[in-house]
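Participant: Starting from these lines, generate the structure:
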Amino acid sequence: MFARIKRGGNKAHPHDYLCLVEAYRDAGKPKHRVLANLGRLDGLLETGQLDSLIQSLARFSQHVRVLSSARLPQVSRCQARLWGPPLVFARLWERQGIGQILHRLAARRHFKFDVERVVFAMALQRLCRPGSDLQGCLWARNVEAPGFEDLELQHFYRTAAFLCEVRQDLEHQLFLRDRDLFSQELDLLLIDTTSLYVYRDEETAWRRRGYSRDRRPDLPQWVLAVAVDRHGWPVAWELFPGNTVDRNALVGMIGLLRERFQIRRVIVVADRAMISRGLIALLTESEEAPLEYILGCKLRAAGEVPREVLRRAGRYHPVAENLDVKEVGVEGRRYIVCRNPEDAMKDAATRAAILDQLKEQIRRAPREMVGNQGFKRFVRVDPGGVQINPAAVKTDARLDGKFVLRTNTDLSPEEVAQTYKSLWRVERTFREEKSTLAIRPIFHRLDETSIGHIVAAFLALRLEVHLQRALDEKGVEVSWPELMQDMGHVQAVYLTFDGQPWRIRTDLAGSAHAAFEAAGVRPPERVTPQPAEGHA
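Facilitator: Residues are numbered from 1 along each chain as shown. Model (predicted):
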């Protein structure tokens, strides 16, 4: 049965009537019949009879009665808790076996609280509401997750120190489980480094002042190296003193990976900012074995790349959509020249726009061109004044849509190009570690609790990548901030009606349903009665 509005009256004075209608089948054909005419709709609304009728009928349905009771004086308590992210990430936490590993590692330490619950709360906080441990403890009280109601601030501090103690065992056991869970061979690692500043004036053996990518040379920092596999899955991370240069951190990270995980083959992939003769020497003169590498080259810097590599003739071979490659050898050094036709057109259009502005600027105020870095490479200054340099324009045109790689691997040119393009996965990891997960700044006073803080962020990163991969497999395209916002709208609302506690789930709006499906979580029932003693 359902309600339907039926138009009545006449053309001059039409009226809407509310009817109770029943659906049935006659000889297999669906039909409707009016069971009752409840009266004119405007009259029912004006007199309040419709509200009285609905409330009267609601007495015979517990669910409708609870959902409609929020407007009634019988509601004695109403509280909302975050529910969507804990449900989704708890399933991924379980699938990765993180809880089981933590229980085993904490078994001999005789904690008086559930360490696994605290670690999950710390990782979940990094994903939902990054902040200090104090903020995390207060935030967890409004999260619908088993065991969170018993968490105290001291538990967070003690757990951070515990994570520092067991991080290598935890990382190694997760590594072994990953190989089984995802059935992947770890033959390729993408490694990059960054810095994390600390709100402390004093330095330690680890907290040192050095080159700061965050433009905070006044604060001591750590140098963080993260390794992911070719699919973007986080494998490991390592900390180095804040004054460690990138190439030393990179090689140090490789040595630790080989020692900890018995990795036989490592291909180092690094962007053009890290390449140098010293780095190549460190990679190829390893005491254990020369390391393989794929390094981006600087196109405009002086050297054999613009002088020799880019000038060599040869046919490009298509690798993928908008990616062509050719191989060039220079005195035993192997280069792969890559070209993106779409980017080439964009670069040409950008240069044409710059030249048009440049011509106009030269005509009006030529002296202002000398200090403009965007225009400087296209002009020359001679006794005749400032002029466009045709040779510089021609040289720049050779670079349209191109990037050059240097490698000592036996991979095909196609594999080299595709591998280097995977470097964005590491860069994406760092963006999430330092913004989405808010790993910086670090407020902890002690080195060991700071390391525990980073362990929790690393576990959070694993959960994020796991969910993103599951969404990709289902063809769901949604930005991470939008996804987290939609999941955050799924809340558990607790209310007590006529002395009976109830739990109500809010709507699964936007991409929240896709997140539940990707994680393999069945959304909870809309309305669930709670034990008579209420919700703690």
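Participant: confidence score at Leu44?
Facilitator: With respect to pLDDT, Leu44 scores 83.
Participant: neighbours around the closest residue to it other than its chain neighbours, how many?
Facilitator: Sequence neighbours aside, Leu50 is the residue nearest to Leu44 in space, at 4.1 Å (criterion: CB to CB, 6 or more residues apart in numbering). Where C-beta positions appear, they are placed from N, C-alpha and C, glycine not excepted. Using other CB atoms under 10 Å, Leu50 is surrounded by 17 other residues.
Participant: Also Lys376?
Facilitator: 12.
Participant: quick one: the helices in the stretch 151-300 of the chain?
Facilitator: Assigned by DSSP state H, counting those that start in this stretch, the helices in the stretch 151-300 of the chain fall at 153-182, 246-261, 277-284.
Participant: Does anything pack onto the first one? Which helices or strands?
Facilitator: Going back to what we said before, that points to helix 153-182. helix 98-106, helix 115-128, helix 133-140, strand 234-241, helix 246-261, helix 447-473 (3 or more CB pairs under 8 Å, 6 or more residues apart in numbering; DSSP states H and E).
Participant: Can you spell out which helices and strands pack onto the fourth one?
Facilitator: Applying 3+ CB pairs under 8 Å, 6+ apart, one finds that strand 234-241 contacts helix 153-182, strand 221-229, helix 246-261, helix 447-473.
Participant: Tell me which of the helices and strands packed on helix 153-182 is the most buried.
Facilitator: Comparing the helices and strands packed on helix 153-182 by mean neighbour count (mean count of other CB atoms under 10 Å), helix 115-128 ranks first with a mean of 24.
Participant: Helix 98-106 and that helix, what's the angle between them?
Facilitator: Helix 115-128 runs at 130 degrees relative to helix 98-106, counting by axes from the mean of the first three to the mean of the last three CA atoms, to 10 degrees.
Participant: mean confidence score for helix 115-128?
Facilitator: Computed over helix 115-128, the mean pLDDT rounds to 95.
Participant: tell me what that helix is packed against?
Facilitator: If you count contacts as 3+ CB pairs under 8 Å, 6+ apart, helix 115-128 packs onto helix 84-95, helix 98-106, helix 133-140, helix 153-182, helix 447-473, helix 480-488.
Participant: Just the CA trace of the shortest one, in PDB.
Facilitator: In other words, helix 133-140. Output of helix 133-140 as PDB, limited to C-alpha atoms (Å, rounded to 0.1, in the frame of the first residue of the first chain):
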ATOM      1  CA  ASP A 133      48.100  12.700  20.700                       C
ATOM      2  CA  LEU A 134      46.100  14.900  23.000                       C
ATOM      3  CA  GLN A 135      43.800  15.900  20.100                       C
ATOM      4  CA  GLY A 136      43.600  12.200  19.000                       C
ATOM      5  CA  CYS A 137      42.600  11.000  22.500                       C
ATOM      6  CA  LEU A 138      39.700  13.600  22.600                       C
ATOM      7  CA  TRP A 139      38.700  12.800  19.000                       C
ATOM      8  CA  ALA A 140      38.600   9.100  19.600                       C
END
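Participant: So what angle separates the directions of that helix and helix 447-473?
Facilitator: With the same axes, to 10 degrees defining the directions, helix 133-140 sits at 40 degrees from helix 447-473.
Participant: list the helices and strands helix 133-140 packs on?
Facilitator: So helix 133-140, by 3+ CB pairs under 8 Å, 6+ apart, packs with helix 115-128, helix 153-182.
Participant: Looking at those helices, which is nearest to Arg91?
Facilitator: Among the helices and strands packed on helix 133-140, the nearest to Arg91 by CB to CB is helix 115-128 (11.8 Å).
Participant: Can you show me the CA trace of that closest one as CSV?
Facilitator: Extracted as CSV, the C-alpha positions of helix 115-128 are listed here (Å, rounded to 0.1, in the frame of the first residue of the first chain):
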residue,chain,number,x,y,z
VAL,A,115,47.7,-1.7,22.4
GLU,A,116,46.1,-2.8,19.1
ARG,A,117,43.1,-0.5,19.7
VAL,A,118,45.4,2.4,20.4
VAL,A,119,47.4,1.9,17.3
PHE,A,120,44.3,1.6,15.2
ALA,A,121,43.0,4.9,16.8
MET,A,122,46.4,6.6,16.0
ALA,A,123,46.3,5.4,12.3
LEU,A,124,42.6,6.3,11.9
GLN,A,125,43.3,9.8,13.4
ARG,A,126,46.0,10.4,10.8
LEU,A,127,43.4,9.7,8.1
CYS,A,128,40.5,11.6,9.5
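Participant: what about that helix, distance to the chain center?
Facilitator: With CA atoms, centre = their mean, to the nearest Å as the basis, helix 115-128 stands 16 Å off its chain's centre.
Participant: Quick one: work out the angle between it and helix 480-488.
Facilitator: Orientation of helix 115-128 against helix 480-488 (the same axes, to 10 degrees) gives an angle of 120 degrees.
Participant: Using neighbour counts, pick out the buried residues of stretch 80-93.
Facilitator: Buried positions in stretch 80-93, judged by neighbour count with 16 or more other CB atoms under 10 Å: 81-93.
Participant: and it, what's its mean pLDDT?
Facilitator: Rounded mean pLDDT across stretch 80-93 is 96.
Participant: Measure how far that stretch is from the centre of its chain, please.
Facilitator: 16 Å.
Participant: Give me the contact list for that stretch.
Facilitator: 99, 120, 123-124, 127-128, 142-145, 463, 466-467, 484, 486-494, 505-506, 508, 512, 515-516, 519-521, 524 (CB atoms under 8 Å, 6 or more residues apart in numbering).
Participant: In JSON lines: the helices and strands packed on helix 133-140, plus distance to Val266.
Facilitator: Rendered in JSON lines, the data for the helices and strands packed on helix 133-140 read as follows (distance: least, CB to CB, whole Å):
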{"stretch": "helix 115-128", "distance to Val266": "28"}
{"stretch": "helix 153-182", "distance to Val266": "14"}
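Participant: do you know which of those lies nearest Arg216?
Facilitator: Evaluated with CB to CB, the helices and strands packed on helix 133-140 place helix 115-128 nearest to Arg216, the distance being 21.1 Å.
Participant: and Pro220, how many neighbours does it have?
Facilitator: As a burial measure, Pro220 scores 23 neighbours (other CB under 10 Å).
Participant: Could you number the chain from 38 rather than 1 from now on?
Facilitator: Sure, I'll start counting at 38 from here, so that last one is Pro257.
Participant: pretty sure it contacts Gly279?
Facilitator: Yes: when contacts are counted by CB atoms under 8 Å, Pro257 is listed as touching Gly279 (5.6 Å).
Participant: Next, show the common contact partners of these two.
Facilitator: Jointly contacting Pro257 and Gly279 under the rule CB under 8 Å, 6+ apart are Arg244, Arg245, Arg246.
Participant: Tell me who's in contact with the residue lying closest to the second one once chain neighbours are set aside.
Facilitator: Closest residue to Arg245 in three dimensions, ignoring its sequence neighbours and counting by CB to CB, 6+ apart: Gly279, at 3.6 Å. In this structure, Gly279 makes contact with Ser232, Trp243, Arg244, Arg245, Arg246, Gly247, Pro257, Gln258, Trp259, Val260, judged by CB under 8 Å, 6+ apart.
Participant: Now with 6 Å, please.
Facilitator: Listed by CB atoms under 6 Å, 6 or more residues apart in numbering, the contact partners of Gly279 are Arg244, Arg245, Gly247, Pro257, Gln258, Trp259, Val260.
Participant: again with Asp251
Facilitator: Tyr234.
Participant: what's the neighbour count on the residue lying closest to Val362 once chain neighbours are set aside?
Facilitator: Residue nearest to Val362 in three dimensions, not counting chain neighbours: Pro450, with 4.5 Å by CB to CB, 6+ apart. When neighbours are counted by other CB under 10 Å, Pro450 registers 22.
Participant: For Pro450, give its distance to Leu347.
Facilitator: As for Pro450, its distance to Leu347 is 16 Å (criterion: CB to CB, to the nearest Å).
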